[in-house]
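In: this is a predicted model, with the sequence first.
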Amino acid sequence: MRRMLKDKRALVTGSTSGIGLAVARALAAEGAEVILNGLGDPGEIARLCDELGALYNGANLMDAAAIATMMGEIGPIDILVNNAGMQHVAAIEAFPADKWDSILALNLTAAFHTTRLAVPRMKERGWGRIINTASAHSAVASPFKSAYVAAKHGLAGFTKTIALELATHGITANCISPGYVWTPLVENQIPDTMAARGMTREEVMNDILLAKQPTKQFIAPEDVAALAVFLCTPAARGITGASYAIDGGWTAE
Ligand code: NAD
């Protein structure tokens, strides 16, 4: 059977782990040539490249010049998944200014740079898919996550803006907005949340994280990836400027 994305090239940022890796696997399974990006152990990344038949570019996405170099090196792409992200949990008066800068750079500004550099070629080809991994936190807030919530709200606004600009060029731009997905990003915020709220690990898991999700289940990275693949299908050509919640009912409340 012909694979749907056989002629497409896809850059998935932050794809050495978690959601990005699941998206990269799903796009590769549909025949796309995938370019991985992200941090990690070189041996493990080489193994992933072998597994997916993927290329890799390790640009630090907090650095605008490094992004420009990466976009030049990897050549034209048809699918851009802006997914790299990080979190920091602290009360506003204790929130480290350097963490604010890093989170805004990685979770928001990097998407601006990759997008502005990918769009000219997408316009030439009259086809493009821009998929931004936002979050339930692009629509609602939680305490102690000021930088993350600000960046994700910004990403949602950015996505709507470019959707309007690109609407007549065959290029769609959408957000996927997951609730809690069990990945290192979530696991790593548990100790800081324990400290910020004076809770045990179990209390953070059940009373903070899963308390948000009426289903009481973490979202599977593969389910987020399936949504990203759907947004690349012909049936999704009319979907642009949208944000798809995949959050176990969190933002329905
Ligand atoms: P993760 O920590 O598993 O993966 C983050 C990826 O970003 C990794 O590949 C990492 O190497 C990469 N990365 C980190 N710093 C980088 C840098 N400076 N330059 C390039 N790459 C860098 O996290 P995840 O949970 O898979 O998160 C992926 C995206 O999904 C993020 O944007 C996150 O905000 C979003 N998200 C996650 C959840 C969740 O519950 N896990 C929920 C909603 C949204």
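Out: Received it, and whenever you're ready, just let me know what you need.
In: please count neighbours and contacts with C-alpha atoms only from this point.
Out: Will do.
In: pretty sure residue 160 sits in a strand.
Out: No. Residue 160: not assigned to a strand; according to DSSP: H, G, I helix; E, B strand; the rest coil it is helix.
In: ok, it touching residue 166?
Out: No. Residue 160 is beyond contact range of residue 166, at 10.1 Å (criterion: CA atoms under 8 Å).
In: any idea how far the spatially most central residue of the chain lies from residue 59?
Out: With distances taken as CA atoms, centre = their mean, the chain has residue 83 as the residue nearest its mean C-alpha position (2.1 Å). Using CA to CA, to the nearest Å, residue 83 is found at 14 Å from residue 59.
In: ok, residue 244 next?
Out: For residue 244, the distance to residue 59 - CA to CA - is 28 Å.
In: can you pull the phi/psi pair for residue 146?
Out: phi -60, psi -50 (degrees, to the nearest 10).
In: burial of it, as a residue count?
Out: Each residue near residue 146 was counted by other CA atoms under 10 Å, and the total is 19.
In: which SS state does residue 211 fall under?
Out: Residue 211 - assigned by three-state DSSP - is helix.
In: what's near enough to touch it?
Out: Contact analysis of residue 211 by CA atoms under 8 Å, 6 or more residues apart in numbering lists nothing.
In: show me the strands in this structure, by range?
Out: 9-12, 33-37, 55-57, 79-82, 128-133, 171-178, 243-246 (DSSP state E).
In: could you check how far the longest one is from the centre of its chain?
Out: Distance of strand 171-178 from its chain centroid, counting by CA atoms, centre = their mean, to the nearest Å, is 9 Å.
In: before we move on, back to that, verify the contact between the residue nearest to the centre of the chain and residue 12 for me.
Out: Yes. Residue 83 is in contact with residue 12 according to CA under 8 Å; the separation is 6.7 Å.
In: before we move on, the earlier item: now the strands of the chain in CSV, with mean pLDDT?
Out: What follows is the strands of the chain, written out as CSV (pLDDT from 0 to 100):
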stretch, mean pLDDT
strand 9-12, 98
strand 33-37, 99
strand 55-57, 98
strand 79-82, 99
strand 128-133, 98
strand 171-178, 98
strand 243-246, 98
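In: that'll do, ta.
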